[in-house]
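Chemist: Prediction below, plus the sequence it came from.
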Amino acid sequence: MFGLDKTLLRISAVIIGLVLAGLAFWAGMAALDRMESRAAEAARAERDAHWRAEIAASNAVAERERAEQLQQTAAAESRARAEISSLSDDLADLERRNATLPNADACGLDRDRVRLLDAR
């Protein structure tokens with residue numbers, strides 16, 4: 001009878017040892033899983049920060065280019081306005097000189113009107 005009790009005690013000790021070893025293995029695997037999750041989150045946060053910085057730099061370059069284009073557009077518009085003003089002044093002068101010629105109401109081109117046009 002004592003031999004059977006010792007055998008049951010040994011079997012129980014082995015089973016308890018196996019259960020404890022299984023629990024320790026499970027706890028270790030859970031800790032590894034948590035570590036892996038934290039490492040993945042940190043890597044994602046790092047990549048997100050990197051790409052946010054890249055996007056911000058790209059946006060800054062685009063804004064600078066946009067500002068330069070606006071300046072160039074304003075300069076071109078100013079030059080165009082000046083050219084239009086100059087041409088309008090020239091046209092008004094030409095019309096004024098044409099009106100001062102004799103026979104202003106005559107039809108066709110005479111020599112004086114042709115000289116006006118050639119002077120341009």
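Modeler: Yes, it's here. Numbers count the residues shown, from 1 in each chain.
Chemist: Buried residues in stretch 15-24, which are they?
Modeler: Neighbour-count burial for stretch 15-24 flags no residue at all (criterion: 16 or more other Cβ atoms under 10 Å). Every C-beta, even on glycine, is put in place using the N, C-alpha and C of the backbone.
Chemist: helix or strand right after the helix or strand containing residue 16?
Modeler: Using DSSP states H and E, the secondary-structure element containing residue 16 is helix 2-100. Sequence-wise, the next helix or strand beyond helix 2-100 is helix 111-119, with elements assigned using DSSP H and E.
Chemist: ok and that next one relative to helix 2-100, angle-wise?
Modeler: Using axes from the mean of the first three to the mean of the last three Cα atoms, to 10 degrees, the inter-axis angle of helix 111-119 relative to helix 2-100 is 150 degrees.
Chemist: Give me the contacts around helix 111-119.
Modeler: Contacting residues not belonging to helix 111-119 are listed as 94, 97-98, 101-102, 109 [Cβ atoms under 8 Å, 6 or more residues apart in numbering].
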